[in-house]
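In: coordinates only, sequence not included:
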Ligand code: PLP
């Protein structure tokens, strides 16, 4: 479908909302995106016409729901270009996907003295699970630094890979700085030393193309709710060879083949990692979100968000006393900034009065804030439905903030 911003906006009913009598301007897409009508309707339809537990029933409803659920798995497989849908595990989000790998793979690979390598710009979701497993296994977490612009330098990264490194866990795009990391090159460098790589793609899905085969990553994680899908839907892609060697992360129904008091044998992939009843309606909603995104050319979406980034960066840079954190050459539509002498919370509160929703704080990336010796930032993050006009209103809003607090 041609990229028509006015038509696209009409798909998102929430954009009609008013805040304090001002039209809603939603710039908090890195936290969660808004949902198009077809996603909302998919959830309603499921509960109206298909609601049933999946995989276990012989009756019509269960088979209908199961078919829709498994068709979504195929959609996800195509969306990320996985080799097989057995490599697509449904989770409730990026956090759960990373915890699954940290526990199951960490348990398998890590021994005392080993190292897990992460970057200094990770979201807490890609730090804490590794810290926990390292503590348990007496292993160490090593950190890849980034420069003032928020870039990882490959020459600095390379020597950190050594014979003790057992896992590299890295964000595709930083949620705090917007940096798009050179993950393809980093994966290739890690693979030269036989080190498996997990990519946290929470900020990438629906913004840039994801091709797990081209990247050659061993694991790729993302959350549906950041890509126009419902809360509680998420994906773990894992290469079959790894998923097969890993033990299940949780036990329960669905993940088993046979159970006796003496012994349990596990179900085949990917069900081995999907214990219990999943968030069926959210997963079906994620299928609808993928259909929505695929109606457009992903390059057009990327181009639109790049234009917003360029326009927003230039407009904000003209504001006296405003400093942008994260000025990497390769960036996605995220701008983190501070106004001289104004606390981010105060700025965010005044912008909210004007109907402009931004995020303030450390964005679950405290080490990033520590790196710059700041308590937090104001973060503006774009999605398919944002416009330059909204950015103009943000600039006006920041002027008001400065007049009131500066
Ligand atoms: N990783 C990154 C880079 C993120 O931005 C986020 C959420 O903001 C997460 C992980 C965690 O995602 P979720 O809370 O959906 O599990």
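Out: Perfect, thanks for sending it. Predicted model only: the values in this text are computed from it and were never measured.
In: so what's the residue count around residue 219?
Out: Using other C-beta atoms under 10 Å, residue 219 has 26 other residues around it. (C-beta placed from N, C-alpha, C; glycine too.)
In: residues in contact with it?
Out: By C-beta atoms under 8 Å, 6 or more residues apart in numbering, the contact set of residue 219 is 97, 101, 105, 196-199, 236-239, 242.
In: now the strands for the stretch 1-150 of the chain?
Out: Shown for the stretch 1-150 of the chain, the strands assigned by DSSP state E, counting those that start in this stretch span residues 18-19, 22-23, 25-26, 88-91, 115-119, 140-144.
In: residue 249 - that's part of a strand, no?
Out: No - Residue 249 is assigned coil when assessed by DSSP: H, G, I helix; E, B strand; the rest coil, not a strand.
In: nearest residue to it in space, please, no chain neighbours.
Out: Once flanking residues are discounted, residue 249 sits nearest to residue 100: 4.3 Å by C-beta to C-beta, 6 or more residues apart in numbering.
In: do residue 311 as well
Out: Using C-beta to C-beta, 6+ apart, the closest residue to residue 311 is residue 388 (5.2 Å).
In: then residue 278?
Out: residue 90 (5.5 Å).
In: okay, and the beta partners of the one you found?
Out: residue 235 (DSSP bridges).
In: check contacts around it.
Out: 73, 233-235, 270, 274, 278-279, 283.
In: nearest to residue 20 among the residues you listed?
Out: residue 233 (31.5 Å; C-beta to C-beta).
In: neighbours around that closest one, how many?
Out: When neighbours are counted by other C-beta under 10 Å, residue 233 comes out with 29.
In: was I right about it contacting residue 96?
Out: No - contact between residue 233 and residue 96 fails when scored by C-beta atoms under 8 Å: they sit 10.6 Å apart.
In: residue 121 and residue 144: what is the separation?
Out: To residue 144, residue 121 is 9 Å away according to C-beta to C-beta, to the nearest Å.
In: residue numbers of this protein in contact with the ligand?
Out: By C-beta under 6 Å from any ligand atom, the residues of the chain that approach the ligand are 30, 93-95, 123, 125-126, 171, 175, 200, 202-203, 223, 364.
In: dump the residues you listed to TSV, plus pLDDT, neighbour count and distance to residue 262.
Out: Shown next, in TSV, are these (pLDDT from 0 to 100; neighbours: other C-beta atoms under 10 Å; distance: C-beta to C-beta, whole Å):
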residue	pLDDT	neighbour count	distance to residue 262
30	98	27	49
93	98	24	35
94	98	26	37
95	98	21	34
123	98	22	42
125	98	24	37
126	98	25	38
171	98	29	43
175	98	27	46
200	98	30	39
202	98	26	41
203	98	29	46
223	98	28	38
364	96	17	43
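In: in helices, which of the residues you listed appear?
Out: 94-95 (DSSP state H).
In: so what pLDDT did the residue nearest to residue 249 get?
Out: Looking at residue 100, its pLDDT is 98.
In: most packed of the strands of the stretch 1-150 of the chain?
Out: With neighbours taken as mean count of other C-beta atoms under 10 Å, the strands of the stretch 1-150 of the chain reach their highest mean count in strand 88-91, at a mean of 26.
In: redo the strands of the stretch 1-150 of the chain as a markdown table? Include mean pLDDT and distance to residue 354.
Out: Converted to a markdown table, these look like this (pLDDT from 0 to 100; distance: least, C-beta to C-beta, whole Å):
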| stretch | mean pLDDT | distance to residue 354 |
| --- | --- | --- |
| strand 18-19 | 96 | 8 |
| strand 22-23 | 97 | 6 |
| strand 25-26 | 98 | 8 |
| strand 88-91 | 98 | 37 |
| strand 115-119 | 98 | 35 |
| strand 140-144 | 98 | 39 |
